[in-house]
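> sharing a model that was predicted from the sequence below.
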Amino acid sequence: MCFNAVGDGRLCDEADIVEFRDMMTIIRDRIQAMIEDGMSMEQVVEAGPTRDYDGRYGADSGFWTTRQFVETIYRNLQNAG
């Protein structure tokens, strides 16, 4: 993961940004497909649409968890429809 320029790790490069963008698009599309299949938010969370990215980007605790991330995308897609 990339960090800021205050000495908290390495800086991001263009490849990191492209990978993150692609990950966001893939997860959004997965959740959208699940919504279209009639899945509830809990079913989507349990299906683990982020599973293959959790090792790098996921978190079970702290300020922003993977569950919160999935729920936020779900709600935003629901509201957009």
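Arrived safely.
> least confident secondary structure element in this protein?
When the helices and strands of the chain are scored by mean pLDDT, DSSP states H and E, helix 54-57 comes last with a mean of 90.
> now what about the helix or strand following that helix, what contacts it?
Moving toward the C-terminus from helix 54-57, the next helix or strand (DSSP states H and E) is helix 66-80. Identification of contacts with helix 66-80 by CB atoms under 8 Å, 6 or more residues apart in numbering yields 27-28, 31-32, 35, 41, 44-45, 49-50, 54, 57-60. (Each C-beta comes from the backbone N, C-alpha and C, glycine too.)
> recalculate using a threshold of 7 Å.
Applying CB atoms under 7 Å, 6 or more residues apart in numbering, the contact partners of helix 66-80 are 27-28, 31-32, 35, 41, 44-45, 49-50, 54, 58-60.
> which other helices and strands does the least confident helix or strand of the chain contact?
If you count contacts as 3 or more CB pairs under 7 Å, 6 or more residues apart in numbering; DSSP states H and E, helix 54-57 packs onto no helix or strand.
> for the protein, which helix is longest?
helix 14-36 (DSSP state H).
> list the buried ones in that helix?
If you call a residue buried by 16 or more other CB atoms under 10 Å, then helix 14-36 has these buried ones: Phe20, Ile27, Arg30, Ile31, Gln32, Met34, Ile35.
> roughly how far out does the least confident helix or strand of the chain sit from the chain middle?
Computed by CA atoms, centre = their mean, to the nearest Å, the chain-centroid distance of helix 54-57 equals 9 Å.
> Phe63 and Arg75, how far apart?
Phe63 sits 18 Å away from Arg75, taking CB to CB, to the nearest Å as the criterion.
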